[in-house]
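S.K.: Just the structure for this:
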Amino acid sequence: MNNIELRQHIEGRVGCPEALDGLKYLFGWKPDGDGTDWLGGRDSARMWAECLRPEGLLWYASAHVSRQELVLAVCDCAEMALRYVPENENRPRLAIETARKWAVGKGNAKKVKKAARNAAEAGVALCETETDECWDESAVSACYAASHMYTYPAATLSCVGHAAYASVAVGQITAARAANAKMCRLIRLRWPTCPEAK
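M.R.: Next up, the predicted model:
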């Protein structure tokens with residue numbers, strides 16, 4: 001898709017020019033831009049290869065791939081945050097496994113939603129069991145990442161990034177950028193070329 005077609009496609013998906021404002025953050029656009037300034041002269045192949053925000057890649061892919069494919073990509077990303085979950089807490093891992101099974105035709109949506117609720121409850125439990133000063137924000141974010149995979153895929157990526165961000169006392173921005181870069185690589189492993197080219 002050339003640059004003009006790409007801009008028309010994005011604007012058509014958003015529905016109105018004002019809503020493009022929300023897309024600034026999906027592709028790493030400047031806060032003071034018009035929502036498509038980051039694209040410059042990029043075509044869809046360059047946009048796909050150069051985007052630094054996993055939420056932007058998933059948002060774009062969601063118009064071109066099945067929900068099952070999208071959930072599998074989000075599972076890949078959510079697994080990154082499992083290292084922050086306490087060893088004895090299995091609900092986030094089980095939510096990811098259940099979503100994967102559904103995505104390959106070996107489960108049902110009801111089980112996915114139940115496992116997602118359980119993962120969210122794990123996050124709430126972590127908040128309630130620790131004092132305000134020492135609850136592990138990374139572990140809570142990891143639980144929420146696992147809970148959003150089926151219903152809000154982009155929210156999962158945000159939670160994974162937040163888990164990385166909260167995991168270090170210094171250099172949080174660097175950690176979040178590294179998490180975003182790794183998620184982008186995982187997404188591009190599933191779709192090495194821009195999905196609309198399929």
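S.K.: downstream neighbour of the helix or strand bottoming out on mean pLDDT in the chain in the secondary structure list?
M.R.: The helix or strand of the chain with the lowest confidence, counting by mean pLDDT, DSSP states H and E, is helix 20-23 at a mean of 52. Once helix 20-23 ends, the next helix or strand along the chain (criterion: DSSP states H and E) is helix 44-50.
S.K.: For that next one, buried residues please.
M.R.: 44, 47-48 (16 or more other Cβ atoms under 10 Å). Where C-beta positions appear, they are placed from N, C-alpha and C, glycine not excepted.
S.K.: Please apply the same query to stretch 80-99.
M.R.: 80-82, 84-85, 89, 91-99.
S.K.: how about those, which pair is most distant?
M.R.: Greatest spatial distance among these (Cβ to Cβ): Y84 and T98, at 19.6 Å.
S.K.: circling back to that earlier point, could you export the buried residues of helix 44-50 as a markdown table, including pLDDT and distance to K111?
M.R.: Below are these laid out as a markdown table (pLDDT from 0 to 100; distance: Cβ to Cβ, whole Å):
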| residue | pLDDT | distance to K111 |
| --- | --- | --- |
| S44 | 88 | 36 |
| M47 | 87 | 36 |
| W48 | 90 | 33 |
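S.K.: Please parse the protein into its domains.
M.R.: 3-63+193-197, 67-190 (automatic domain parsing).
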